[in-house]
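Trainee: pasting the sequence and the predicted coordinates here, then a few questions.
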Amino acid sequence: MSSTLPSSSASARACAIPGTPLAQAMPGLDSCVHCGFCLQACPTYLALHDENDSPRGRLVLMRALVEGDVSLDDPDVHAHIDRCLGCRGCETACPSGVPYGQLLEATRATLAMRRPLPLIARLILGTFARPWALGAALALARLARALGLPRLLAALPGRLGFAFAMLRATERPLGEAPYTPTGDGSRGTVAVLHGCVMQGLFAATNRATERVLGVNDYRLVVATDEGCCGALHAHAGDVDAARRLARRNIAAFEQSGADLVAVNASGCGAMMKEYGHLLHDDPAWSARAAALAARVRDVSELLVAAGPRRGGPLALHVTYDAPCHLVHAQRIATAPLAVLSAIPELRLTPLADADQCCGGAGIYNLVEAETSDAVLTPKLARISETGAALVATGNPGCLMQVGGGLLRAGSTTRVLHPVDLLDASYAARVPNADP
């Protein structure tokens with residue numbers, strides 16, 4: 001494919017793909033001034049050194065689709081769009097406010113109209129869209145974990161071995177020591193998104209989330225029938241499934257009556273905060289989606305708003321890796337560090353390039369394995385430099401990607417959620433987590 005740098009004579013032209021999601025997203029595309037500030041923030045550009053695999057290059061490809069210079073069938077266009085991680089690091093670097101994440105999803109939805117997703121992607125997304133199928137798949141994963149299969153099979157070559165390494169990374173590096181929170185509930189009611197992967201493989205972290213919120217004076221209420229947020233589907237271009245899942249969650253959290261919705265998976269939080277955009281053209285749901293989105297908070301936001309209260313001492317060496325959809329999509333950078341600072345005796349070593357993607361990106365590590373590995377390699381090297389025994393990060397995909405990579409590299413460093421550390425700190429406090 002020829003260079004993607006724009007010509008100096010670029011001008012408005014008739015839309016070649018009217019009515020498509022990408023055509024409707026054109027105002028966002030027009031805000032790009034091709035300055036190139038995004039290049040060094042893009043993990044695929046840094047790994048592959050191809051302008052077409054940079055945000056600026058992909059934006060030019062998007063415009064070429066709209067203006068008819070390339071077709072929706074062009075295999076090169078599909079390849080470069082598919083290779084995007086969707087980490088949105090370019091949005092943080094962009095001085096023009098280009099809504100790259102929304103443009104990427106619109107482009108993938110448009111391309112999906114012409115070419116179906118790969119079989120493995122369709123199977124995974126189909127499973128996540130059906131609660132019964134997802135429940136069965138996660139139950140099998142838990143059974144395999146309980147039988148110790150990940151420990152035996154993580155060393156297998158290829159993606160199968162890496163998949164078992166990721167499953168092994170879901171094992172808790174700290175034991176769970178439940179306690180009874182004694183907060184007074186004065187900060188209002190909150191319902192926790194239990195979600196899909198979090199509830200299926202990190203249920204103990206969901207329970208820890210509820211406990212630490214209780215300690216910090218939030219009153220927990222239950223939202224029945226909530227589940228997968230739809231992020232995987234939206235990122236892959238399956239907008240219809242994403243909207244169905246969003247409507248289900250909106251109804252569930254409305255019925256809970258909660259003042260706020262707490263999310264401990266950054267990818268889910270970013271998705272739910274954009275429900276208003278996802279359903280903006282649905283007259284029956286747009287206002288409800290926007291209203292719910294305004295009540296969604298990452299758990300670290302809620303904890304920092306309340307303090308958070310200090311816990312008991314944990315003499316552990318930790319480094320923090322920022323999930324992309326927390327630091328770039330939600331623009332939350334300091335709150336998780338404040339959560340960790342509430343733990344006495346915790347030794348926190350800064351992680352170089354903590355804002356760079358780990359290469360997980362939902363199902364990306366399964367469908368774009370080679371590029372995912374190329375992005376993960378420098379992350380593992382930076383973690384090794386810290387000498388930390390634990391990596392804290394607030395997203396299940398990152399927990400599994402980084403954790404699996406560390407295991408495959410022979411490292412003894414393990415990965416866990418910041419909430420798990422704070423929960424262990426509260427459990428260590430005497431008497432019984434009282435303020």
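Mentor: Here it is on my side, so go on.
Trainee: now do the helix or strand bottoming out on mean pLDDT in the chain: which elements does it pack against?
Mentor: Taking mean pLDDT, DSSP states H and E as the measure, the helix or strand of the chain with the lowest value is helix 364-367, at a mean of 87. Contacts defined by 3 or more CB pairs under 8 Å, 6 or more residues apart in numbering; DSSP states H and E place helix 364-367 against helix 119-129, helix 158-168, helix 369-386. For every residue, glycine as well, the C-beta is placed using N, CA and C.
Trainee: do me a favour and get the end-to-end distance for stretch 412-423?
Mentor: With CA to CA, to the nearest Å as the measure, stretch 412-423 spans 22 Å from end to end.
Trainee: avg pLDDT for that stretch?
Mentor: For stretch 412-423, mean pLDDT rounds to 98.
Trainee: any idea how far it is from the chain center?
Mentor: Relative to its chain's centre, stretch 412-423 lies at 17 Å (CA atoms, centre = their mean, to the nearest Å).
Trainee: can you list the buried residues in it?
Mentor: Thr413, Arg414, Val415, Leu416, His417, Pro418, Val419, Asp420, Leu421, Leu422, Asp423 (16 or more other CB atoms under 10 Å).
Trainee: again with stretch 140-157
Mentor: Buried, per 16+ other CB under 10 Å, within stretch 140-157: Ala141, Ala144, Arg145, Pro150, Leu153, Ala154.
Trainee: what domains does the record give for the chain?
Mentor: Structural domains annotated on the chain: 21-112, 310-428, as defined by automatic domain parsing.
Trainee: how far out from the middle of the chain is the longest one?
Mentor: Chain-centre distance of domain 310-428: 13 Å, with CA atoms, centre = their mean.
Trainee: where are the low-confidence patches of the stretch 301-435 of the chain?
Mentor: 430-435 (pLDDT under 70).
Trainee: ok, back up a step: output the helices and strands packed on helix 364-367 as JSON lines; include the columns mean neighbour count and distance to Leu292.
Mentor: What follows is those, written out as JSON lines (neighbours: other CB atoms under 10 Å; distance: least, CB to CB, whole Å):
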{"stretch": "helix 119-129", "mean neighbour count": "17", "distance to Leu292": "20"}
{"stretch": "helix 158-168", "mean neighbour count": "19", "distance to Leu292": "31"}
{"stretch": "helix 369-386", "mean neighbour count": "18", "distance to Leu292": "32"}
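Trainee: nearest to Leu406, out of the ones you listed?
Mentor: Minimum separation from Leu406 across those (CB to CB) falls at helix 369-386, 6.4 Å.
Trainee: against which helices or strands is whichever strand or helix holds Ala262 packed?
Mentor: Counting by DSSP states H and E, the element that carries Ala262 is strand 260-263. When contacts are defined as 3+ CB pairs under 8 Å, 6+ apart, strand 260-263 sits against strand 189-192, helix 266-273, strand 296-298, helix 299-306.
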